[in-house]
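Novice: sequence first, predicted model second:
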Amino acid sequence: MPLDALCLSAVREELTAQITGMKIDKVQQPERDLIILNLRGSGGTCKLLISAGPADTRAHLTEHQFENPASPPMFCMLLRKHLSGARIISMTQPPAERILEIKLSAPDAMGVHSEKSLILELFGRLPNIILTEGGMIIDCLRRIGGELEDKRMTLPGLLYRPPPQQEGKKDPLNISENEWQSAFANAPGTAADKWLLSSFSALSPLICRELSWRAYGETDSRIENIKDSGAALKREFFKLTNAANRGAYEPWTLTGADGTPRDFSFTRIMQYETALDAVRAPSFSAMLENYYTRTAQNERARQRASAMQKTVKTARDRLVRKLASQKEELKKTAERENLRESGDIISANMHLMEKGQSRLTAQDFYSETGAMRDIPLDPQKTPQQNAAKYYKEYTKAKNAEKHLSEQISAGENELIYLESVLHEIELAEGDRGMAEIRAELEQTGYVKPRKNKQNKQKQTKEKNTGQPPMRFTSSTGMQILAGRNNTQNEILTLKTAAKTDIWLHAQKTHGAHVIITCNGKEPDETTLQEAAAIAAYHSQTHPGGKVPVDYAPVKQVKKPPGSRPGMVIYTDYKTIVAVADEKLVKELRVKGEG
């Protein structure tokens, strides 16, 4: 849902108590419509997120770490110039409007303070962030004017004018019961929620449906069918608005069965009954952070994963076609002995041949029955040249068999590697996980490496701050580690693990390298079984079912020369059958590890 005016009032009250008096330490603009104000005060630091995206307008505190662009946008530079060191004086909101005004005491280059305002217009198709001083616009995120003659102009140097109020709509927080009853009596034949939405500002469609449901048990109850002259609807309307006037707001999120946030409000929403769960959030900032920021983060990760999957699948499909062609060529080389035999038969019958012959029919002394063999000849060549031609083709086919066999073997190993990367992408956790997979694909040549200096620095930073292996603790207290991707698997097994540690991997499938940290001890049967369950769960065989898992001392695991990241061979192993038990794996995972 959009952040309606009543919900925004709740956010404003919460933010006012938290950030008034704090100073702006830093300004960031990680995305086109997103501003982050890093705040500092006597109680510590925090970050205020302001979004003017048409689909996600909002303002709240955030703990998310955003990546800055290589070069800060011009509006960000302007805000840094005017607001660095500014102290927040107050945060106000016009009645029933989706507008916040942050008043600031900002120092100039000489240290002289003046009052400036950061106005957040969080509505419509063109939401905006506007910086003003003395009522004049210094600049804004979206400059509106010129060709948009029907729009209110917001340009640097102009006097800031608030947007016009919605015509015909009443302020729900400033209406008497008599006025409400009179408006209801003149309502046209329509659904009650539609009438509320068209008659009052500040109410979202969700809240209008909720009021109808609370009054009559239906979200689409018709006004012409209401028998109590709207008494129940009026009761619920004023119960809600009186609570809002008292500041009795509550942050509630509606979630689906999978825990994904579907909607939110400043009051508990009950119209969905058991279809959605209503979950009380610890704060409005936490509610909006969970609904917007984390959802947007997951969506960006999904988009990156989708793009990466497409790249890897394209490479895989190309390789599959190439392997099919090579195997077809290899089949043809199986006939090379016929070429050598034909050369021998020509050599044995040269005394009977003449130049210009197009065929030779002679006894096939390689045939057990002594049959005749018909051999095509090049009439432009001598008998000796025709024999040499067959011997040459035989040698070529023999060399091709060796070369094609090597290529097919390498291609099949590469196909296994690409399948493992696709499995990695499905299991990747967050931005850092995707960044590590991208770095791996750059290393193996499937993705072009970043070229400019800033991106190289970013790549180095990602490499140095990569995710650690997943950590688990067995029921008996032993540490178990599991790699998140091929590169991490290799580092974990070949560099991190001790030679006496135990290595596990799901048999004949893609999956995580799992290490039991033994510290010179033999792992007990429970730890071994639980580590095998972790290996089974983080394999391509998951979900469900029993999975054979191989295990061996780390010293028995080697990397073949020139092989792809994460590819190993192992000897002197044993096999244990494990169940990919999701509940067990989550219970064993160290808290804070995801």
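Specialist: It's in.
Novice: for the rest of this, base every contact and every neighbour count on C-alpha atoms.
Specialist: Noted.
Novice: how far does stretch 239-251 stretch from start to finish?
Specialist: Across stretch 239-251, the terminal residues are separated by 17 Å (Cα to Cα, to the nearest Å).
Novice: so what touches it?
Specialist: Here stretch 239-251 makes contact (Cα atoms under 8 Å, 6 or more residues apart in numbering) with 6, 10, 13, 172-173, 264-268, 280-284, 287.
Novice: pull the most distant pair out of the residues you listed.
Specialist: Farthest-apart pair in those is 172 and 282; separation 26.8 Å (Cα to Cα).
Novice: more neighbours: the two, which one.
Specialist: In this view residue 172 and residue 282 are compared by other Cα atoms under 10 Å, and residue 172 has more residues nearby, 23 against 11.
Novice: out of the contacts of stretch 239-251, which are inside helices?
Specialist: Judged by DSSP state H, the contacts of stretch 239-251 include 6, 10, 13, 284, 287 as members of helices.
Novice: spatially nearest residue to the third one (excluding sequence neighbours)?
Specialist: Think residue 13. residue 247 (7.9 Å; Cα to Cα, 6 or more residues apart in numbering).
Novice: of the contacts of stretch 239-251, buried ones?
Specialist: Neighbour counting by 16 or more other Cα atoms under 10 Å classes 6, 10, 13, 172-173, 264-268, 280-281, 283-284, 287 among the contacts of stretch 239-251 as buried.
Novice: list just the nearest of the residues you listed to residue 155.
Specialist: Nearest to residue 155 among the buried ones among the contacts of stretch 239-251, with distances taken as Cα to Cα, is residue 6, at 28.7 Å.
Novice: now that closest one: closest residue in space, sequence neighbours ignored.
Specialist: Here the residue nearest residue 6, using Cα to Cα, 6+ apart, is residue 202, at 5.9 Å.
Novice: does that neighbour count as helix, strand or coil?
Specialist: Using DSSP: H, G, I helix; E, B strand; the rest coil, the structure places residue 202 in coil.
Novice: now do residue 295
Specialist: Following three-state DSSP, the label given to residue 295 is helix.
Novice: measure how buried it is and give me the count.
Specialist: By other Cα under 10 Å, the residues close to residue 295 number 15.
Novice: that one and residue 56, how far apart?
Specialist: When distance is defined by Cα to Cα, residue 295 is 11 Å away from residue 56.
Novice: and of the buried ones among the contacts of stretch 239-251, the nearest to residue 410?
Specialist: Closest to residue 410, out of all of those and judged by Cα to Cα, is residue 287, at 51.3 Å.
Novice: phi, psi of the nearest residue to residue 486 once chain neighbours are set aside?
Specialist: The shortest distance from residue 486 to any non-neighbouring residue, by Cα to Cα, 6+ apart, is to residue 566 (4.4 Å). The phi and psi values for residue 566, taken as degrees, to the nearest 10, are phi 80, psi -10.
Novice: from memory residue 566 sits against residue 484, does it?
Specialist: No - using Cα atoms under 8 Å, residue 566 is not in contact with residue 484; the gap is 10.7 Å.
Novice: which one's more surrounded, those two?
Specialist: Using other Cα under 10 Å as the criterion, residue 566 and residue 484 rank with residue 484 on top: 26 against 22.
Novice: what does the model give the more buried one for pLDDT?
Specialist: pLDDT, residue 484: 89.
Novice: return the distance of it relative to residue 436.
Specialist: Residue 484 is 9 Å from residue 436, by Cα to Cα.
Novice: residues contacting the residue nearest to residue 380 when sequence neighbours are not counted?
Specialist: Spatially, and ignoring its direct neighbours in sequence, residue 380 is nearest to residue 356 (6.0 Å; Cα to Cα, 6+ apart). Shown in contact with residue 356 (Cα under 8 Å, 6+ apart): 378, 379, 380, 381, 382.
Novice: which SSE is residue 356 in?
Specialist: For residue 356, there is no host helix or strand (DSSP states H and E).
Novice: for residue 392, helix, strand, or coil?
Specialist: Assigned with three-state DSSP, residue 392 falls in the helix class.
Novice: that one and residue 227: what is the separation?
Specialist: Residue 392 sits 100 Å away from residue 227, going by Cα to Cα.
Novice: tell me the domain boundaries of the protein?
Specialist: Split into domains by automatic domain parsing, the chain comes to 5-140, 330-408, 470-588.
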